[in-house]
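Q: need coordinates for the below:
(one chain, ligands or ions: 1)
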Amino acid sequence: MATDEVALLQGMLLAVKSPAGRPYIQFRVDGEFGPGTKAALAAFQRDRGIDEGLPQPDGPTWRALRGALPEAYRGLRVLPESKILYFEATADEAARSVAQIEVYSEFEPSFQRQVIEMVRRMYEEYGIVLWITYTGWRRGFGDQLGFGRRNTMAGPGESTHHYGLACDLGFRDLRWMDATGMIWRDGDWLERMSRALGPASWRLWKARDRIAFSLGLYKIAWEGVHLQALEDERISNAQSLVRLLEKTGTMKWETRPVNRRAYYWSDLGRGEGMYPVGTAQEIWTGRAPVPAGVGDAAALRRALRAEFEKAEQNWRLWEPVSGN
Ligand SMILES: [Zn+2]
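A: Purely as a prediction, here's the structure:
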């Protein structure tokens, strides 16, 4: 028997009680078909009058096990090629997640269709419902500040989340069973499972990502939950922001990386010369290092921030620019 099948068998024998009221298995799920598992399987088959030996797919042993599962353990499944045991969600939950995305008007339409298809396929293949996280929808420029550099390198205006082209799609409410038979309900980032299983929990993200890639969605290296419509290496978030600023505002803009952060230059609306004005975060928070002798610093900072606000209001005009 394959590891995943054994893990599921063990999980069921842990949940189902013998006529004496005890679980058939009293050790941890390990995915190995050892003497303890063999004995437990034989005992279950004997108690149920099943003469099958190794359980065959859809054979009497699996059917009896499923039928005997206590209410809380119904829908127990195993992630293929793993020992991850989890519980199937309902079609109703899947429909609710899809409906939530369908009524949302701030995703770019073809991206929205991809995300809906992503949720549908994940449910079809794995019985798992993915949900957009509470902060995973379109974001305003200012929302980006709250995430800090720990979670994202992007400043205000520099994330595809601002333009309806990204979402964070997680595993909220996934119910799963640990090796001792305890049932957990997890969060968007599989916080509990990753603490309990370590790197083994990445298999669930990989299952999600395989479907995402097949639908033409992309992820970024340092954020597991994030999916976007465009390949990160092919676009420059800063150059794209510059184009949007020039489309929607009155100043000329340029950007170059300084110490691996996007840094901006602006003509400050004067039509001559370019002045360094800092990072997107500095501009947005009114701390742009405006040059001396060009005018009232506070007024210049307000004018720069106003350009960003105009860009934010007209976020639907954003288009990708390649480069770095
Ligand atoms: Zn994200």
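Q: which non-adjacent residue is nearest the residue of the stretch 51-200 of the chain found nearest the ion?
A: Closest contact between the stretch 51-200 of the chain and the ion, by C-beta to the ion, is at Asp168 (4.3 Å). All C-beta spots, glycine's among them, are computed from the backbone N, C-alpha and C. Nearest residue to Asp168, sequence neighbours excluded (C-beta to C-beta, 6 or more residues apart in numbering): Gly136, at 2.9 Å.
Q: contacts only, for that neighbour.
A: His161, Cys167, Asp168, Leu169, Gly170, Asp188, Val225, His226 (C-beta atoms under 8 Å, 6 or more residues apart in numbering).
Q: run a quick neighbour tally on the fifth one.
A: Neighbour count for Gly170, taken as other C-beta atoms under 10 Å: 24.
Q: on the three-state scheme, the nearest residue to it once chain neighbours are set aside is what?
A: In space, Gly170 comes closest to Asp188 once its chain neighbours are excluded; the distance is 3.0 Å by C-beta to C-beta, 6+ apart. With DSSP: H, G, I helix; E, B strand; the rest coil as the basis, Asp188 sits in coil.
Q: stretch 142-162 close to the ion?
A: No - using C-beta under 5 Å from the ion, we find that stretch 142-162 stays clear of the ion, coming within 5.6 Å at best.
Q: only alpha carbons, please: show that stretch as CSV.
A: Written as CSV, here are the backbone C-alpha positions of stretch 142-162 (Å, rounded to 0.1, in the frame of the first residue of the first chain):
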residue,chain,number,x,y,z
GLY,A,142,-2.2,53.4,1.9
ASP,A,143,-3.2,49.9,2.8
GLN,A,144,0.3,48.8,1.6
LEU,A,145,2.0,50.6,4.5
GLY,A,146,0.3,48.4,7.1
PHE,A,147,2.0,45.3,5.7
GLY,A,148,5.5,46.5,6.3
ARG,A,149,8.7,45.2,4.8
ARG,A,150,8.4,41.9,6.6
ASN,A,151,5.6,40.8,4.2
THR,A,152,6.1,42.8,1.1
MET,A,153,8.8,44.8,-0.7
ALA,A,154,6.2,46.9,-2.4
GLY,A,155,5.4,50.4,-1.3
PRO,A,156,2.2,52.5,-2.0
GLY,A,157,1.4,52.1,-5.7
GLU,A,158,4.0,49.4,-6.2
SER,A,159,1.9,46.2,-5.7
THR,A,160,-0.3,44.5,-8.2
HIS,A,161,-2.8,44.3,-5.4
HIS,A,162,-3.6,48.0,-6.1
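Q: for the stretch 201-324 of the chain, which spans come out with low pLDDT?
A: Residue ranges of the stretch 201-324 of the chain with pLDDT under 70: 324.
Q: all strands for it, in order.
A: Secondary structure of the stretch 201-324 of the chain (DSSP state E, counting those that start in this stretch): strands at 218-220, 223-228, 253-258, 261-266, 275-278.
Q: quick one on the thing from earlier: ranking the contacts of Gly136 by neighbours, who comes first?
A: Cys167 (28 neighbours).
Q: and it, what does it touch?
A: Here Cys167 is in contact with Phe107, Phe111, Val115, Ile132, Gly136, Trp137, His161, His226, Leu227, Gln228 (C-beta under 8 Å, 6+ apart).
Q: same thing with Arg302?
A: So Arg302 contacts Gly286 (C-beta under 8 Å, 6+ apart).
Q: which non-adjacent residue is nearest the one residue sitting closest to the centre of the chain?
A: Closest to where the C-alpha atoms of the chain average out (C-alpha atoms, centre = their mean) is Val225, at 2.2 Å. The shortest distance from Val225 to any non-neighbouring residue, by C-beta to C-beta, 6+ apart, is to Asp168 (4.5 Å).
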